[in-house]
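# How does the following fold in three dimensions:
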Amino acid sequence: MPETHRLCDKSAELSSLIKRVAAARRFVVITGAGISVNCGIPDFRSSQGIFQQIQKAHGALISSGRDLFDASVVFRSSETANIFYHWMTHLRHQCAKAQPGAIHQFIRTLADRGLLLRSYTQNIDGLERKAGLNSIPLHGSMDHLVCQLCSSSYAFSECPAEDGDAARSAGDACPDCFERSETRRALGRRQLPAGKLRPTVVLYEEPHPHCEDIGRIISHDARALGSRQPRSESTGRVAPTNVVLIFGTTLKVPGCRQLVKQMAMAAPASTVTVLVNNEPVCGKNWDGIIDYQVIGNVEDWCARVE
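Here you go, the predicted structure:
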């Protein structure tokens, strides 16, 4: 079982871990919804999270708030699809107003200092982009809408864009489909249906459209973590230069679990894998994969490392 510490404790072991992380020279950071809560965006699984909000509002139509993010469920009927579009537009408004927080800035600092090998995020809020990070979006993003019929893409915005492009919301009819249909009508031909626009987020039970590219990036980073590390000129010893940091996630999503395992298993013995979360996540099933579990506020952890 991973060695567990509470951030509020002032133990020598925790202080030693923080110093070890602070001295590292290569980081992979994997983040979940917990890092955006203080930015005004709710998480998904907590008692006040999005799943619970949806369940309270629409319990008569769906058995669980999670169902609204399950591709095999949400598009079964126009009613559930419309609920999905409504919540996605609502969430987009929240994302548009939110600004990066202390954790995003901490990761940006790693990047600015040349210490960040890669940032992976499960988040769809776009705060990494606002912070100037080139993160790998494991679950897509809320930045764009795509037609479910013709795959045309548009900016997801409640306000007209500077280039004159109209505001678009989830569930809107696709302009390209509509234009093609109107052209056919003008020629006296049968009109075609127009697809609806949905956010470019990856739902449960559907593949990531860029899964092959992301797979190659993960393989590259795993090899980089497992590569031979430089020796200290003064002692000749290999220094602990690699850290895998996992922030604000319960590791419930299979893809993220697999990513963590692949990074940890490829890393040499001198690399440490640390999960920081408000609640305990790791049990015996993470033994040999995650080295340390720190229970506490992620922002406080970042401040202590800095």
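# Which secondary structure state does the closest residue to residue 301 other than its chain neighbours sit in?
Closest residue to residue 301 apart from its sequence neighbours, by C-beta to C-beta, 6 or more residues apart in numbering: residue 276 at 4.8 Å. C-beta here means a position set from N, CA and C on the backbone, and glycine is covered the same way. Going by DSSP: H, G, I helix; E, B strand; the rest coil, the secondary structure assigned to residue 276 is strand.
# Can you report how many residues neighbour residue 276?
Here the count is done by other C-beta atoms under 10 Å, and residue 276 has 27 residues near it.
# what sits opposite it in the beta ladder?
Under DSSP bridges, the beta-bridge partners of residue 276 are residue 247, residue 294.
# Next up, the contacts around it.
7, 245-248, 294, 296, 298, 301 (C-beta atoms under 8 Å, 6 or more residues apart in numbering).
# Quick check: of the residues you listed, which lies closest to residue 150?
Taking C-beta to C-beta as the measure, residue 150 lies nearest residue 248 of those, at 36.5 Å.
# The closest one and residue 258, how far apart?
Per C-beta to C-beta, to the nearest Å, residue 248 is found 18 Å from residue 258.
# Settle it for me: which of those two has more neighbours?
Higher neighbour count among residue 248 and residue 258: residue 248, with 25 against 11, using other C-beta under 10 Å.
# tell me, how many neighbours does the closest residue to that one other than its chain neighbours end up with?
Using C-beta to C-beta, 6+ apart and skipping the chain neighbours, the partner closest in space to residue 248 is residue 34 (2.4 Å). For residue 34, the neighbour count with other C-beta under 10 Å is 24.
# Residue 6 now?
By the criterion of other C-beta under 10 Å, residue 6 has 12 neighbours.
# what's the answer for residue 304, then?
Applying other C-beta under 10 Å, we find 16 other residues in the vicinity of residue 304.
# in the stretch 101-250 of the chain, which segments are predicted with low confidence?
Residues of the stretch 101-250 of the chain that meet the criterion pLDDT under 70 lie in 158-166, 228-241.
# rerun that using 80 as the cut-off
157-167, 226-241 (pLDDT under 80).
# what ranges do the helices span in it?
Secondary structure of the stretch 101-250 of the chain by DSSP state H, counting those that start in this stretch: the helices cover 102-112, 127-130, 175-186, 211-226.
# Rebuild those helices as a markdown table, extending it with mean neighbour count and distance to residue 21.
Formatted as a markdown table, these follow (neighbours: other C-beta atoms under 10 Å; distance: least, C-beta to C-beta, whole Å):
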| stretch | mean neighbour count | distance to residue 21 |
| --- | --- | --- |
| helix 102-112 | 19 | 11 |
| helix 127-130 | 20 | 20 |
| helix 175-186 | 14 | 49 |
| helix 211-226 | 15 | 15 |
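# Any chance of JSON lines for those helices, columns distance to residue 44?
Formatted as JSON lines, the helices of the stretch 101-250 of the chain follow (distance: least, C-beta to C-beta, whole Å):
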{"stretch": "helix 102-112", "distance to residue 44": "17"}
{"stretch": "helix 127-130", "distance to residue 44": "15"}
{"stretch": "helix 175-186", "distance to residue 44": "31"}
{"stretch": "helix 211-226", "distance to residue 44": "21"}
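# Compare those and give me the one nearest residue 149.
Among these, the nearest to residue 149 by C-beta to C-beta is helix 175-186 (5.8 Å).
# Centre-most residue in this protein?
Geometric centre of the chain, nearest residue: residue 122, 1.5 Å, by C-alpha atoms, centre = their mean.
# so how far is residue 140 from that residue?
From residue 122 across to residue 140, the span is 10 Å (C-beta to C-beta).
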